[in-house]
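Novice: Next come a sequence and a model predicted from it.
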Amino acid sequence: MTKQHIKVSVSAFKSALSLIPTPLVSQSGNIGCYRLLATDGNLTVMSYNLTASGSAYIPDVEGTDMDIVIPASLVKILMFGSKDLHLEVVGNQLVNKNNKNKISLINTEDWLDDIEVMGESVFLGDLVSNLKSASLFACEDREILKRVKISSSGLFATNGHVAYAAELGTGVDNDLFLPTSAIPYLTKQCDAVFGSDGNIKITTADSDVIVFGSNPGNYPPVEHLFPKSLKYQADINTEKALAILALIKGVGANSAVDIINQDNRLHIAFSSDTVEILEDVGVEDLTEWETISFSSRYLGQVLAGSEIKTLRQNSPTTAAIFESEGIKALLMPIMKR
């Protein structure tokens, strides 16, 4: 009887692993493994964890058909020192005949069942850059906010402190919600099917990944939070402002900073028991302005990613808008005692 065996380059194998979810190597069972399925000269590498399952495809592989499961923690042993993998099943072990290293096989019977995702299909390639930016404003610990809203008018996200809006054409008719856990699998050439159960299937030429989602429930109407008319406006030199905020972070990780008019120029002002800072961050002279205070942490978040941002506000107690090239971030001021 012919032993199961395949030949595949290490570079192609590593590339496949990079396209699919990272197994939980600290967990027992198949959730900490890779499945290798070779049929008709094509190799499919599969994995899953708590947030996603995926398959990556390697064409034109030499060898026989194969269906095995291997511990993810031991894969580097197979690849060590080799440019190519010549993998052969010997009993309950998998051997790389090029470096003679062996690892144990795992039972395939408990592998995750196939998941079918039915719903609206959308080409996301043109939105990838904006989706990645929007995801930075999504919440990390509140389930309902761990997603980006895709609507016909643009992309929206919030973490409860800062709101993000990118006003652009998306090509969607209905509101869709992309979990932040899907972001690592997006490429410039990917389609996504948004299932009614919250699961999302992301497809590229080389892989399919299903991101486990959930119903967004009462996701806040982020697009309606942005005020239409604001009285005061000033441009900020964000590169300098971020450098100043980095200095302030050394004093207090989340300190209150003031944006003030000093000699008709926009300044960042900060004071503590040990430090006083007053730095010009304006781009041009001011006419009218009201002092407004922000959390240094969230101010730094909204200023990142652009050399100049326009700050618009009405008063020290209402939401302010930071805007650059069609991208908006809303930030609530803080009231200093």
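Specialist: Cool, got the structure. Numbers count the residues shown, from 1 in each chain.

Novice: Please count neighbours and contacts with C-alpha atoms only from this point.
Specialist: Will do.

Novice: does the residue sitting nearest the centre point of the chain sit in a helix, a strand or a coil?
Specialist: Centroid check for the chain by CA atoms, centre = their mean gives Ile183 as the closest residue, at 3.7 Å. Put simply, Ile183 is helix when judged by DSSP: H, G, I helix; E, B strand; the rest coil.

Novice: Next one: it, what pLDDT does it get?
Specialist: On pLDDT, Ile183 comes in at 95.

Novice: That one and Ser133 touch, don't they?
Specialist: No. Shown here, Ile183 and Ser133 do not form a contact pair, counting by CA atoms under 8 Å, at 10.0 Å.

Novice: Give me the phi and psi angles of Pro316.
Specialist: phi -70, psi 0 (degrees, to the nearest 10).

Novice: burial measure for the closest residue to it other than its chain neighbours, as a count.
Specialist: Distance criterion CA to CA, 6 or more residues apart in numbering; nearest residue to Pro316, sequence neighbours excluded, is Ile292 at 4.6 Å. As a burial measure, Ile292 scores 22 neighbours (other CA atoms under 10 Å).

Novice: for Ile292, what are its contacts?
Specialist: Going by CA atoms under 8 Å, 6 or more residues apart in numbering, Ile292 touches Asp258, Ile259, Ile260, Ser315, Pro316, Thr317, Pro333.

Novice: Repeat the analysis, applying 7 Å as the threshold.
Specialist: Ile292 is in contact with Asp258, Ile259, Ile260, Pro316, Pro333, counting by CA atoms under 7 Å, 6 or more residues apart in numbering.

Novice: What of Asp126?
Specialist: Taking CA under 7 Å, 6+ apart as the test, what Asp126 contacts is Lys188.

Novice: How about Gln313?
Specialist: Contacts of Gln313 by CA under 7 Å, 6+ apart are Leu230, Lys231, Tyr232, Gln233, Ala319, Ala320, Ile321.

Novice: Residues contacting the strand or helix carrying Leu85, please?
Specialist: Here Leu85, judged by DSSP states H and E, is contained in strand 84-90. The contact list for strand 84-90, computed with CA under 7 Å, 6+ apart, reads 3-10, 79, 94-98.

Novice: Quick one, which of the residues you listed are buried?
Specialist: Listed as buried from these are 4-10, 79, 94-98; burial here means 16 or more other CA atoms under 10 Å.

Novice: Counting only strands, which of those residues make the cut?
Specialist: His5, Ile6, Lys7, Val8, Ser9, Leu94, Val95, Asn96 (DSSP state E).

Novice: Show the end-to-end separation of stretch 299-315, please.
Specialist: End-to-end distance of stretch 299-315 (CA to CA, to the nearest Å): 17 Å.
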